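*Asks:* Coordinates only, no sequence provided:
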Ligand code: GLN
């Protein structure tokens with residue numbers, strides 16, 4: 001091995017360049033991954049396996065032209081502090097308000113929530129949910145479970161929970177996609193998707209494919225979707241209004 005190839009190999013280990021699948025369902029899309037802290041690299045790998053290009057987002061300018069944004073798992077207080085330091089909270093809210101799709105996993109779920117049971121850290125309010133942090137217990141209660149997820153077919157998802165939150169309560173426009181121990185752990189509202197677990201840590205790409213599908217649906221029928229959201233806001237019962245945790 002030459003010194004040059006040795007260095008290349010080290011670069012790859014530190015930050016592997018994902019292999020793009022040009023025929024994948026995400027081909028042609030550019031999806032940002034908030035890269036302040038947490039497992040953003042695993043999300044990039046999964047999205048690129050599905051054909052999307054990815055961009056690590058660390059400043060407001062990185063959001064320009066993105067089709068979607070993933071907020072990864074990690075530690076929500078740290079992500080909040082770094083979003084403050086990098087002046088990113090306002091631009092991410094603007095991105096979502098302009099119709100950009102957002103996928104929050106674990107700490108990302110907490111970050112996009114309307115609020116937390118604990119009242120901290122401050123959240124972005126992109127989805128009408130209240131998150132309970134470390135709800136399943138702390139590190140020792142990290143666990144895996146097979147969950148059926150609405151819309152992903154009958155085969156269960158292997159869900160990896162790491163100091164995971166759950167959704168304590170959800171507004172009537174929030175569609176519950178999965179529960180675990182009777183608690184909401186995957187949900188969708190408009191163009192925002194959340195999971196309390198870590199789909200990027202398994203080989204199952206279906207939740208990222210769902211996110212890509214949400215982006216494409218938004219782009220194909222922005223007008224129709226706005227109509228549907230307005231109808232829900234006006235008080236039409238959401239499909240999952242009777243599910244656990246709904247106010
Ligand atoms: N417990 C962490 C928090 O409150 C989330 C853990 C995770 O993202 N795996 O931010």
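*Replies:* Cool, the structure landed. What you see is a predicted model; the values in this text were computed from it and never measured.

*Asks:* other SSEs contacting the longest helix seen in the chain?
*Replies:* Determined from DSSP state H, the single longest helix within the chain is helix 206-220. Where contact means 3 or more Cβ pairs under 8 Å, 6 or more residues apart in numbering; DSSP states H and E, helix 206-220 is packed against helix 40-49, strand 68-71, strand 101-105, strand 192-195. Any C-beta I mention is one placed from the backbone N, CA and C, and that applies to glycine too.

*Asks:* now the longest one and strand 101-105, what's the angle there?
*Replies:* Relative orientation of helix 40-49 with respect to strand 101-105: 130 degrees, computed using axes from the mean of the first three to the mean of the last three Cα atoms, to 10 degrees.

*Asks:* give me phi/psi at residue 133?
*Replies:* In terms of degrees, to the nearest 10, the main-chain angles of residue 133 are phi -80, psi 150.

*Asks:* Give me the nearest residue to it, chain neighbours excluded.
*Replies:* Once flanking residues are discounted, residue 133 sits nearest to residue 165: 5.1 Å by Cβ to Cβ, 6 or more residues apart in numbering.

*Asks:* Residue 80 too?
*Replies:* Spatially, and ignoring its direct neighbours in sequence, residue 80 is nearest to residue 121 (3.8 Å; Cβ to Cβ, 6+ apart).

*Asks:* So that neighbour: helix, strand or coil?
*Replies:* Under DSSP: H, G, I helix; E, B strand; the rest coil, residue 121 falls in the coil class.

*Asks:* Under the pLDDT cut-off, which ranges of the chain? List them.
*Replies:* Applying pLDDT under 70 to the chain picks out residues 1-18, 138-140, 223-247.

*Asks:* what's next to stretch 116-123, contact-wise?
*Replies:* Identification of contacts with stretch 116-123 by Cβ atoms under 8 Å, 6 or more residues apart in numbering yields 76-77, 79-81, 110-115, 130-133, 165, 168.

*Asks:* What are the boundaries of the strands in this structure?
*Replies:* Using DSSP state E, the strands of the chain run over residues 30-34, 53-57, 68-71, 101-105, 113-116, 127-132, 143-147, 157-161, 166-170, 175-180, 183-189, 192-195.

*Asks:* Turn these into JSON lines, including distance to residue 43.
*Replies:* JSON lines is the format used below for the strands of the chain (distance: least, Cβ to Cβ, whole Å):
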{"stretch": "strand 30-34", "distance to residue 43": "5"}
{"stretch": "strand 53-57", "distance to residue 43": "8"}
{"stretch": "strand 68-71", "distance to residue 43": "5"}
{"stretch": "strand 101-105", "distance to residue 43": "8"}
{"stretch": "strand 113-116", "distance to residue 43": "19"}
{"stretch": "strand 127-132", "distance to residue 43": "18"}
{"stretch": "strand 143-147", "distance to residue 43": "19"}
{"stretch": "strand 157-161", "distance to residue 43": "13"}
{"stretch": "strand 166-170", "distance to residue 43": "20"}
{"stretch": "strand 175-180", "distance to residue 43": "18"}
{"stretch": "strand 183-189", "distance to residue 43": "16"}
{"stretch": "strand 192-195", "distance to residue 43": "12"}
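
*Asks:* circling back: what sits against the residue nearest to residue 133?
*Replies:* Neighbouring residues of residue 165 by Cβ under 8 Å, 6+ apart: 106-107, 109-110, 116, 131-135, 196.
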